[in-house]
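Peer 1: next come a sequence and a model predicted from it.
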Amino acid sequence: NRDGLDYEVDGIVVKIDSFEYREVLGETTSVPRWAIAYKYPARQATTVVDEIKWSVGRTGVVTPIAILKPVPLSGSTIGRATLHNADEIKRLDVREGDTVIIEKGGEVIPKVVKVVAEKRPRKSKPARRPAKCPICSSPLARYEGEVAIRCENVSCPMQVRRRIEYFACRSAMDITGLGTVVVDQLVSAGLVKDYGDLYSLKAEQVESLERMGKKSAPNLISAISDSKERPFDRVLFALGIRQVGLHAARLLASRFSSIAELARSTAEEILSIEDIGPIIAKSVVKFFQDEANLRVIGKLKRAGLKLSQKRKRKGRLPLKNKTFVLTGALSRYTREQAGDLIVSLGGKLSTSVSRKTDYCVAGENPGSKLDKAKALGVKIVDEEEFKRLTKKS
C-alpha cells in the first residue's frame with residue numbers, strides 16, 4: 001500500500017538478525033552479503049524521444065542520452081534519460097521520434113525501459129552509433145569484451161572538463177568554487193588544458209570570466225593554493241586513475257611513499273597489497289605509461305603538491321596495524337579528514353565492522369555499525385578518546 005503511506009518509500013531492506021551469521025557471510029567493499037533490498041516496481045511515465053545525443057565522460061566513455069519531451073515522474077520533471085550504451089539502443093531499438101516508457105532506476109536515475117512500437121513514426125530510422133567523438137571528432141574505439149565505446153584523445157575538451165571537476169571535488173582536492181560552470185569557462189577560454197594548469201592561474205585571468213569579479217576570483221585562486229596541502233593519498237585519488245577510488249588510493253599510498261615510486265612499480269608489486277586486485281593493478285601501470293599523464297604530474301610537482309610522504313618511524317605510528325570503523329558525525333573532522341588521520345598514523349580504515357576491527361569511532365547519530373561493534377565486543381571510542389589516540393607519540 002505504497003501510495004497510502006504518509007512518507008516516501010521505495011522498498012524495504014531485509015537483514016539477517018544475527019551478528020554471528022553476519023560475520024560468517026561477510027561483506028564486499030561496498031555491500032553486505034547479509035542484507036537484501038526489495039524494491040517496489042518503479043513508477044513509469046510515457047513521453048517522446050526528441051533526439052539522441054552522445055555524452056563524453058572523464059574517462060572517454062561515450063554514452064547515449066535520450067532528450068525527451070519533459071514529463072513529470074516521481075516528484076520531478078524529466079527531460080533526458082540515459083540509454084546506457086550502443087548495445088542497449090540496439091536491444092530497445094529506440095529511435096528519434098519514438099514514444100517511450102521511462103522510469104527512474106532506483107527511484108533516482110531516469111532511463112528508457114520500453115518503446116511503444118505502435119506509435120512509431122513511419123519514416124523513423126534506426127539510431128547509428130557514432131564513429132567519431134561528438135566533441136573532438138577523434139575516432140572512437142571499442143575493445144573486445146567491453147560494451148563501452150571510448151574517445152581515446154586525452155586532450156578531448158569534454159574529458160578535460162570532467163577530469164578537472166573530478167580533481168577539484170570534495171573527496172579529492174576539495175577546491176571550493178571550482179564547479180562545472182567555472183571549469184567549462186576556464187577550458188573554453190583556453191586558460192587550462194588539464195588540472196595541472198590550475199596552479200598557474202592568476203586572479204586577473206579568472207576575473208575576465210563571466211560572473212567572476214574582483215572578490216570571487218582571488219577566492220578561487222586562494223582555494224586552489226590551499227589545495228596544495230592535501231595529503232599524498234588524496235592527490236593520488238584526484239589524479240583520476242581508472243578503478244582507483246579513495247580506499248584504493250589510501251592502500252597505494254600506504255605501500256608507496258611517493259608518486260615516483262608508484263610510477264616505477266610493476267603490476268606484481270601492486271598486487272601484493274591486500275585488497276588490490278588485477279584490474280586496479282593493470283590500470284595503475286597503464287596510467288603511468290602514458291606520457292601525457294606524466295607531463296601533468298610534472299606540473300603538479302612544480303606547483304608544490306604533496307606527491308610523496310615521509311616514511312614514519314615506528315615510534316611515530318601510534319595506530320600501526322589498528323583497524324578503525326567510523327560511524328556518526330564528528331564535530332572536529334569530516335569523514336575524509338578522520339580517515340586521512342588514521343592512515344597517516346599507520347592505521348587502517350574499514351567500511352564495515354568485523355571481529356578484526358580494533359576500534360569503532362562513534363560520533364553523533366551513529367548507525368547500525370555501533371550496534372554490531374557492541375555485539376562483537378569491539379572497543380568503542382567517542383571523539384575525545386579518538387583525539388587522544390591520534391596524538392603522535
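Peer 2: Received it, and whenever you're ready, just let me know what you need.
Peer 1: I'd like the average pLDDT over the host helix or strand of Val62.
Peer 2: Assessed by DSSP states H and E, Val62 sits inside strand 61-73. Across strand 61-73, pLDDT averages out at 95.
Peer 1: please, where are all the strands along the chain?
Peer 2: Secondary structure of the chain (DSSP state E): strands located at 11-15, 35-39, 44-56, 61-73, 76-82, 99-105, 109-115, 140-141, 149-151, 323-327, 348-350, 359-362, 379-381.
Peer 1: spatially nearest residue to the residue nearest the centre of the chain, not counting backbone neighbours?
Peer 2: Per Cα atoms, centre = their mean, the C-alpha nearest to the average position across the chain is that of Gly245, at 6.7 Å. With Cβ to Cβ, 6 or more residues apart in numbering as the criterion, Gly245 has its nearest non-adjacent residue at 7.1 Å, and that residue is Phe237. All C-beta spots, glycine's among them, are computed from the backbone N, C-alpha and C.
Peer 1: correct me, but that neighbour touches Cys169?
Peer 2: No - using Cβ atoms under 8 Å, Phe237 is not in contact with Cys169, being 9.5 Å away.
Peer 1: more neighbours: these two, which one.
Peer 2: In this view Phe237 and Cys169 are compared by other Cβ atoms under 10 Å, and Phe237 has more residues nearby, 26 against 15.
Peer 1: tell me the domain ranges of this protein?
Peer 2: Per automatic domain parsing, the structural domains of the chain span 2-39, 44-153, 157-229, 232-303, 314-389.
Peer 1: for the chain, give me the ranges with low pLDDT.
Peer 2: 29, 311-316, 392-393 (pLDDT under 70).
Peer 1: do you know which of the strands of the chain lies nearest Leu262?
Peer 2: Of all the strands of the chain, strand 348-350 sits nearest to Leu262, with 18.9 Å by Cβ to Cβ.
Peer 1: list phi and psi for the nearest residue to Cys156 once chain neighbours are set aside.
Peer 2: The spatially closest residue to Cys156, leaving aside those adjacent along the chain, is Cys136, at 4.3 Å (Cβ to Cβ, 6+ apart). Cys136 has phi and psi values of phi -110, psi 0 when expressed as degrees, to the nearest 10.
Peer 1: Cys136 and Val154 touch, don't they?
Peer 2: No - using Cβ under 8 Å, Cys136 is not in contact with Val154, being 10.3 Å away.
Peer 1: the residue nearest to Asp340 when sequence neighbours are not counted: how many residues sit nearby?
Peer 2: Excluding the flanking residues, the one nearest Asp340 by Cβ to Cβ, 6+ apart is Pro231, at 5.4 Å. Residues within reach of Pro231, counting by other Cβ under 10 Å, total 17.
Peer 1: show me the contacts for Pro231.
Peer 2: Taking Cβ atoms under 8 Å, 6 or more residues apart in numbering as the contact definition, Pro231 lies against 253, 306, 309, 340, 344.
Peer 1: save those as TSV, and put in distance to Arg80 and neighbour count too.
Peer 2: As requested, the contacts of Pro231 are exported to TSV (distance: Cβ to Cβ, whole Å; neighbours: other Cβ atoms under 10 Å):
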residue	distance to Arg80	neighbour count
Ala253	38	24
Lys306	39	17
Gln309	43	17
Asp340	37	21
Ser344	42	21
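Peer 1: so which of these are in helices?
Peer 2: Cross-referencing the contacts of Pro231 against helices under DSSP state H gives 253, 340, 344.
Peer 1: nearest to Gly106 among those?
Peer 2: Nearest member of those to Gly106, counting by Cβ to Cβ, is Asp340, at 30.2 Å.
Peer 1: so what's that closest one up against?
Peer 2: Per Cβ under 8 Å, 6+ apart, neighbours of Asp340: 231, 233-234.
Peer 1: many thanks, have a good one.
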